[in-house]
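S.K.: below: sequence and its predicted model.
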Amino acid sequence: MKLAAQELGLAVLQPKSINSADCVERLRSLNLDLLVTAAFGQLLRSVVLQLPRLGCVNVHASLLPKYRGAAPIPWALIHGERETGVTTFLMDEGMDTGPILLQRRTEIGPEETAGELGARLAQLGAELAVETVEKLLRGGIQPQPQPPNGPLAPKLHREDGRIRWEWEAWRIHNLVRGLSPKPGAFAFWSEEMVKILRTRIAAEGGKAGAPGQILPQRDKLLAAAGTGILEILELQPAGCRVITGRDFLNGYCRRDYGAFR
């Protein structure tokens with residue numbers, strides 16, 4: 001975006017804090033009609049929110065009030081949502097709590113990863129942002145207050161990605177796709193950390209072996225979950241490139257199938 005703005009001869013500001021006195025004065029001098037943010041990691045204080053004539057709009061990658069917070073796409077997948085979308089709303093001093101302007105919905109594929117879904121929502125959000133601005137300028141939107149409750153989407157931490165093999169296969173699968181490609185769900189093979197990047201549910205229900213145990217199967221890397229079986233399609237051993245489950249089976253498991261932990 002910065003490069004595109006520079007090519008168009010537009011001014012680019014990159015303040016450490018948008019709420020700083022210097023930045024506020026610079027924004028005030030622009031006599032803003034509207035301020036729009038997307039994937040902006042700072043909360044705007046009232047002094048900034050009050051500057052634009054028509055207010056401040058944020059583009060958020062969820063169907064608010066669901067998944068307010070820093071990581072809406074991963075958490076929607078981790079929770080097994082089948083539908084999500086994008087929302088534009090008028091910002092207030094809360095975390096994604098302002099009145100809703102427009103929303104667009106989209107289905108989530110059963111094996112879609114956070115990276116894939118994020119790319120789709122970015123395009124959908126760009127289109128919705130343009131529509132929102134056009135309608136606001138014409139006075140064609142009636143903001144709707146948000147319901148107070150909904151699942152939150154806090155920032156993810158490293159330990160959130162640790163796979164618990166005693167979980168059901170579907171729950172592990174949702175964690176993997178919610179954290180793929182970054183930061184990646186992870187497990188341990190011997191003493192080495194392995195990122196698990198893409199999986200498929202091979203069987204639901206029942207116990208096929210100890211949790212994390214590799215199951216003998218030619219050309220497929222299958223691991224037992226607490227209930228069900230998970231096929232591991234892509235993974236990344238420490239210090240290595242991304243490889244297929246078949247490559248891992250041939251290069252790491254050999255005759256001793258072993259187990260993830």
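M.R.: That came through fine.
S.K.: CA only for contacts and neighbour counts going forward, please
M.R.: OK.
S.K.: what residues sit buried inside stretch 210-227?
M.R.: 210-215, 220-227 (16 or more other CA atoms under 10 Å).
S.K.: need the residues you listed in TSV (columns: distance to G140).
M.R.: Compiled in TSV, the buried residues of stretch 210-227 are given as follows (distance: CA to CA, whole Å):
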residue	distance to G140
A210	59
P211	55
G212	55
Q213	58
I214	58
L215	59
K220	55
L221	54
L222	54
A223	54
A224	54
A225	52
G226	52
T227	52
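S.K.: can I get the residues you listed in TSV including pLDDT?
M.R.: As requested, those are arranged in TSV below (pLDDT from 0 to 100):
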residue	pLDDT
A210	95
P211	96
G212	96
Q213	94
I214	93
L215	92
K220	92
L221	94
L222	96
A223	96
A224	97
A225	97
G226	96
T227	97
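S.K.: centre-most residue in the protein?
M.R.: Averaging the C-alpha coordinates of the chain gives a centre point, and the residue nearest to it by CA atoms, centre = their mean is I73 (2.8 Å).
S.K.: pLDDT at that one, what is it?
M.R.: I73 carries a pLDDT score of 98 in this model.
S.K.: skipping adjacent residues, who's closest to G228 in space?
M.R.: Closest residue in space to G228, ignoring its immediate chain neighbours: E204 at 4.1 Å, by CA to CA, 6 or more residues apart in numbering.
S.K.: contact partners for the one you found?
M.R.: Each residue near E204 by CA atoms under 8 Å, 6 or more residues apart in numbering is listed here: E168, A169, W170, T227, G228, I229.
S.K.: out of the residues you listed, which sit inside strands?
M.R.: Counting by DSSP state E, the part of these found in strands is I229.
S.K.: who wins on neighbours among the contacts of E204?
M.R.: Neighbour counts for these (other CA atoms under 10 Å) peak at I229, which has 28 neighbours.
S.K.: pretty sure that residue sits against A210.
M.R.: No - under the criterion of CA atoms under 8 Å, I229 is not in contact with A210, lying 10.8 Å apart.
S.K.: appreciated, that's everything.
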